[in-house]
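Enquirer: Generate coordinates for the sequence data below:
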Amino acid sequence: MRISAYHDLPFAIFRYDPKDEFKCRKHIRLLSLSLEAKLNKKVTLISLGKILWKIVDETEGMDAIINTEKQLGFTRAQQTVNSLLLDQDFLPLTDILEYRLNKLNPAIDIVFLVRVGGISPAIYRCSALLDQLHGRVLVPIILFYPGSIEGQTSLRFMNLPNRNNVGSYNYRVKIYGGKS
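Expert: Next up is the predicted model:
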């Protein structure tokens, strides 16, 4: 099953409006059942939100993040969590995903990355995550993206205003879900 125009970029994005989160979760479960029944594919759901909190718990701990936010503000706490997910001294998110994804068979398995809102508003950019996984995994991945589409290939995470200062990203992967 090919989901991308590029052989070394087995990613696609399914965009949905964040207000439809619970409706989307229901359809994700139905889609996974359909793929398994009709195409003999094995769907693995991976929650980015769960991985994020596991990394926090296994590194600095929630109390340290709460104390950072109380003393230094939300932005600093968010930066601290970002460091936990990026820095090799902690538990890089891409290393954890690569380890899990490379146990799967690209001919049989499909991964749905869900609960992506957990890395909102700016803990970790989805574009950076896909860039960092590029060339490291072969299993097809569909990232369920809460946000709106802008133009042909740009997305606005969680429909947040004032995201222009974080830079634009031109996604090379197929975006499903069309216009908001």
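
Enquirer: Quick check: the one residue sitting closest to the centre of the chain vs Leu104, distance?
Expert: The central residue of the chain, meaning the one whose C-alpha is nearest the mean C-alpha position (CA atoms, centre = their mean), is Val116 at 4.6 Å. Using CB to CB, to the nearest Å, Val116 is found at 19 Å from Leu104. Glycine gets a C-beta too; all of them are placed from N, C-alpha and C.

Enquirer: what residue ranges in the chain are flagged as low confidence?
Expert: Scanning the chain with the threshold set as pLDDT under 70 gives 1-2, 4-7, 162-171, 178-180.

Enquirer: And stretch 37-57, end to end?
Expert: The separation between the terminal residues of stretch 37-57, taken as CA to CA, to the nearest Å, is 37 Å.

Enquirer: quick one: buried residues of it?
Expert: Judged by neighbour count using 16 or more other CB atoms under 10 Å, the buried positions of stretch 37-57 are Lys41, Val43, Thr44, Ile46, Leu48, Ile51, Leu52, Ile55, Val56.

Enquirer: Show the contacting residues for the last one.
Expert: Residues near Val56 by CB atoms under 8 Å, 6 or more residues apart in numbering: Met62, Ile65, Val81, Leu84.

Enquirer: what about 6 Å?
Expert: Applying CB atoms under 6 Å, 6 or more residues apart in numbering, we find Val56 in contact with Met62.

Enquirer: Mind telling me what element it is part of?
Expert: Assigned by DSSP states H and E, Val56 falls within helix 48-58.

Enquirer: That concludes my questions; thank you for your assistance.
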